[in-house]
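Student: The sequence isn't on hand, but the structure is:
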């Protein structure tokens, strides 16, 4: 037991002394949580600064009415101030160029005859133009908001004229998980923890198995009375200590940096956390089992790393993928761990049944361990 | 020139024999295009709406038919629809009982929900008008002003990923490879041979830069083949931004090589640099979504200007002269750093 403990502590010390592993295992998950939390937290709070222009060629009462709705703070749009002294026609040219260059997210153009057309009671609807850049996220969002402004105006106009009798009530209900508001940092924190554990297993196990063997470190270890079982137990314990440090660090940043309060100690949540750790180690063993040398092991680890992470719904819920990717997603242990763990924390309803969320990672775990037992020899000739 | 080709051929062999290098410079950028294309390309796919209506009321379906890019499925009850939304079988649920609209959203789809709720509101308003037998008095007409006639999300991300593929190749060409050669003592042996520094640097860099350009080219082709994305390419500008990305990458690689000695640390620092630029330069995450402080940092990074310029070169946006000027400045700086640090690093006695 002492040997196992000493080996585990030496493993932790080595990992903490190595700047590369210190960055990827400890700092990167924290940076990722801070970055994603900072960026998408802003979006959630509606702090996105969308700058739009308004060119009112009409200058009539209805054009002014529309402009007033646009200025309502609930749309969270910042109105661009055109250079003083420019005519409305000059503003059209300026606004179009600004949208094209990306200086403005969108522009609402109220045409010249807007008020007279609407007040004249002509059957055709009045047309206002929204300039934007299709495909560009912020510009498309600004254009959608401007569409909302225009529709709001049209609705208000019909009410004023008494043509729309009663507003149609609309209420929104959030479904899935437990009935409470979920913030993005709460959603993403389990994903970041899973990523950290996954990276730890995928990259550290080949280092402890393939690289240590390649560099002759294992040969030196096994010249002592240390058995291969004790070595593997020491590595596992060392990784468990590192994993626990990662989980604690991410939790602490979430709790004190973003006020994330998740019931992590629920029995099912703890079970998923352990399953995630075991699966991560098993995937590391799998990579070690299929690699002849460390360079190949790293290539395999990198090859698995990003696709499994991004198809694992760790940072965003994965929805409506095309056929082949749906199959990949279905056999990806990370998505089952993420879905199962989030459901156990009440953050969402899993897209898969609980038994499948357990079965897929367990299948990977057993399959990897069996393959590793067949193919990995810690020392040449043993 | 013979010396250059000798170094070039040797490096080509070394490159082809190293699966990790091959993976990082070729496979990874391509995998990124495919993964991000399929996952985040969801913005371009139809929105799936689940609907529960009172018997025989077809108004909701007539309204849904007026909206583009929607597909809908009828559910028999609210409970089933609620489960479908929660399990993300549909993106949005609408329950129409003839007098009010209930919108069902999955609470875990935090980024999508504002857009989905906005869409639900528009559907409800259209339904309101149809119920009253009215048409909207004002119609918004969206006019796309970008350079590409039918820009999609892919048009914005692909040029950025091309820049990253070349930048990454440049960084690792110098940082990873030279640091590795230094640690193995290969550099010391080469430097005592009658070999000019630029020949060595050129031979090491050229092969990886070629791979970087090929990887960027494959990115470009994959986007066209898999996602039907077409670009209107300005050849001269494309060449300029590709070359500038390579030079900037090599300059950054030279700085990394000067800062750290071990190849593992050089590769790690190079990765950190590339990842930072990916996140903060508006390549993965739209630039406007970043907090103001990070946006300022992003604008100081070369990848931001190179990606913006590359979008211009591929006919997606009007980049303006600033992207060209700043990219040229960064490229010249890259050359300067390569020359200065190359002189220091690639002289006999500097490699121990």
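Tutor: Alright, I've got the coordinates. All figures in this text were calculated on a predicted structure; none of them were measured in a lab.

Student: got the residues of the stretch 151-300 of chain A near chain B?
Tutor: A:151, A:153-155, A:157-158, A:163-165, A:167-177, A:181-184, A:187, A:295-296, A:298-299 (CB under 8 Å from any CB of the partner chain). Backbone N, C-alpha and C define where each C-beta goes, glycine included.

Student: what's the closest non-adjacent residue to the residue in the stretch 101-250 of chain A positioned nearest to chain B?
Tutor: Closest residue of the stretch 101-250 of chain A to chain B, CB to the nearest CB: residue A:176 (3.3 Å). Spatially, and ignoring its direct neighbours in sequence, residue A:176 is nearest to residue B:86 (3.3 Å; CB to CB, 6 or more residues apart in numbering or on different chains).

Student: tally of neighbours for the one you found?
Tutor: Neighbour count of residue B:86, defined by other CB atoms under 10 Å in any protein chain shown: 24.

Student: Go ahead and confirm it touches residue B:106.
Tutor: Yes - counting by CB atoms under 8 Å, residue B:86 does reach residue B:106; the two are 5.7 Å apart.

Student: residues in contact with residue 67?
Tutor: I'll assume chain A. Contact analysis of residue A:67 by CB atoms under 8 Å, 6 or more residues apart in numbering or on different chains lists A:54, A:56, A:110.

Student: Actually, chain B is the one I wanted.
Tutor: So residue B:67 contacts B:119, B:122-123, B:126 (CB under 8 Å, 6+ apart).

Student: So it versus residue A:147, what's the distance?
Tutor: Remark: distance between residue B:67 and residue A:147 (CB to CB, to the nearest Å) = 12 Å.

Student: Which neighbours do the two have in common?
Tutor: Residues touching both residue B:67 and residue A:147 (CB under 8 Å, 6+ apart): residue B:122.

Student: could you pull out the strands for the chain?
Tutor: Using chain A here. Taking DSSP state E, the strands of chain A run over residues A:50-56, A:77-79, A:106-110, A:126-132, A:170-175.

Student: Hmm, no, I was thinking of chain B.
Tutor: Secondary structure of chain B (DSSP E): strands at B:47-53, B:70-74, B:92-96, B:101-106, B:138-144.

Student: ok, now which ones touch residue 308?
Tutor: Since you didn't name a chain, this refers to chain A. Counting by CB under 8 Å, 6+ apart, residue A:308 touches A:198, A:332-334.

Student: wrong one, I was asking about chain B
Tutor: Contacts of residue B:308 by CB under 8 Å, 6+ apart are A:102, B:282, B:317, B:319, B:323.

Student: Could you rerun that using 6 Å?
Tutor: B:319, B:323 (CB atoms under 6 Å, 6 or more residues apart in numbering or on different chains).

Student: Is it possible to mark the buried ones in the residues of the stretch 151-300 of chain A next to chain B?
Tutor: Buried members of those, scored by 16 or more other CB atoms under 10 Å in any protein chain shown, are A:151, A:153-155, A:157-158, A:164, A:168, A:170, A:174-177, A:182-184, A:187, A:295-296, A:298-299.

Student: how far away is the closest residue to residue A:240 other than its chain neighbours from residue A:263?
Tutor: Leaving out its chain neighbours, the residue that sits closest to residue A:240 by CB to CB, 6+ apart is residue A:277, at 6.8 Å. Distance, residue A:277 to residue A:263, using CB to CB: 19 Å.

Student: Which one's more surrounded, these two?
Tutor: Per other CB under 10 Å, whichever of residue A:277 and residue A:263 has more neighbours is residue A:277, with 24 against 11.

Student: Would you agree that one is in contact with residue A:197?
Tutor: Yes - using CB atoms under 6 Å, residue A:277 is in contact with residue A:197, at 5.5 Å.

Student: intersection of neighbour lists for those two?
Tutor: Counting by CB under 6 Å, 6+ apart, the residues touching both residue A:277 and residue A:197 are residue A:243.

Student: Show me the helices in the stretch 51-200 of chain B, by range?
Tutor: Taking DSSP state H, counting those that start in this stretch as the criterion, the stretch 51-200 of chain B carries its helices at B:59-64, B:78-86, B:113-131, B:153-184, B:186-191, B:197-227.

Student: Which pLDDT does the model give residue A:261?
Tutor: Looking at residue A:261, its pLDDT reads 90.

Student: Tell me who's in contact with residue A:12.
Tutor: By CB under 6 Å, 6+ apart, the residues touching residue A:12 are A:238, A:241-242.

Student: Pass me the low-pLDDT residue ranges in chain B, would you?
Tutor: B:19-21, B:23-44, B:55-56, B:147-151, B:261, B:263-264, B:345-352 (pLDDT under 70).

Student: Could you do the stretch 251-382 of chain A as well?
Tutor: A:320-323, A:378-382.

Student: how does it look with 90?
Tutor: For the stretch 251-382 of chain A, the stretches flagged by pLDDT under 90 are A:258, A:285, A:287-330, A:351, A:372-382.

Student: Let me see the ranges of the helices in it.
Tutor: A:258, A:267-290, A:294-310, A:323-331, A:333-344, A:354-375.

Student: contacts for the shortest one?
Tutor: Taking CB under 6 Å, 6+ apart as the criterion, the residues outside helix A:258 that touch it are A:37, A:185.

Student: Off-centre distance for it?
Tutor: Counting by CA atoms, centre = their mean, to the nearest Å, helix A:258 is centred 16 Å from the centre of its parent chain.

Student: Now do residue A:46: how many residues are near it, please.
Tutor: With other CB under 10 Å as criterion, residue A:46 counts 11.

Student: repeat for residue B:77
Tutor: If you count neighbours by other CB under 10 Å, residue B:77 ends up with 10.

Student: what residues does the stretch 51-200 of chain B put near chain A?
Tutor: Contacts of the stretch 51-200 of chain B with chain A, taken as CB under 6 Å from any CB of the partner chain, map to B:82, B:85-88, B:100-110, B:117-118, B:124-125, B:128, B:132, B:136-146, B:151-153, B:155-156.

Student: Give me the buried subset of these.
Tutor: B:82, B:85-88, B:101-110, B:124-125, B:128, B:136-138, B:140, B:144-146, B:151-153, B:155-156.

Student: care to break chain B down by domain?
Tutor: Taking automatic domain parsing as the domain assignment, the record places the domains of chain B at B:2-40+B:149-345, B:46-131.

Student: tell me the most buried of the ones you listed?
Tutor: Greatest average neighbour count among the domains of chain B goes to domain B:2-40+B:149-345 (a mean of 20), per mean count of other CB atoms under 10 Å in any protein chain shown.
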